[in-house]
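Visitor: Sequence first, predicted model second:
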Amino acid sequence: MDKKTEEFYSRLREELNNTSVWPSEYLYKFIVPTDAKKIEEVENAFDNLGAVIQTTQSKTGKYTSLSVNVTMESPEHVIEKYIEVSNIEGIISL
């Protein structure tokens, strides 16, 4: 992980600690190229966590946004999921 990414996650951890009581609900937002395999990879990352996942395809159909609402145990768990899904080719985290 590069220094810029480490700094981002450090700021996120601090922000989450200051704004929420854990465990807490967290809303992830991702954009992936519209490809059933990539969408499934994101969904699988949250399997068995009780996540509510909504998908919306872009007007052109080229991209799909995924909103994942899930209860997470701590800021560390939130960050672990971001790192896990960052391995999916073409994914953008919002």
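Guide: Good, I have the coordinates.

Visitor: Next, the contact list for the residue lying farthest from the centre of the chain, please.
Guide: Farthest-out residue of the chain from its mean C-alpha position, per CA atoms, centre = their mean: residue 60, at 22.9 Å. By CB atoms under 8 Å, 6 or more residues apart in numbering, no residues touch residue 60. The C-beta positions use only the backbone N, C-alpha and C, and glycine is treated the same way.

Visitor: Provide the backbone phi and psi angles at it.
Guide: phi -80, psi -10 (degrees, to the nearest 10).

Visitor: per-residue confidence for residue 60?
Guide: For residue 60, the model assigns a pLDDT of 96.

Visitor: try residue 90
Guide: 94.

Visitor: Who does the residue nearest to it when sequence neighbours are not counted form a beta bridge with?
Guide: Distances taken as CB to CB, 6 or more residues apart in numbering place residue 33 nearest to residue 90, at 4.6 Å, with adjacent residues excluded. Note on residue 33: beta-bridge partners by DSSP bridges are residue 63.

Visitor: Let me see the confidence value for residue 33.
Guide: 96.

Visitor: cool, and the one 4 residues further on?
Guide: In the predicted model, residue 37 carries a pLDDT score of 96.

Visitor: does it sit in a helix or strand, and which one?
Guide: helix 36-45 (DSSP states H and E).

Visitor: Run through who's touching that helix.
Guide: Outside helix 36-45, the residues touching it (CB under 8 Å, 6+ apart) are 30, 32, 53, 55, 64, 66, 68, 81, 84-85, 88-91.

Visitor: I appreciate the help and will end here.
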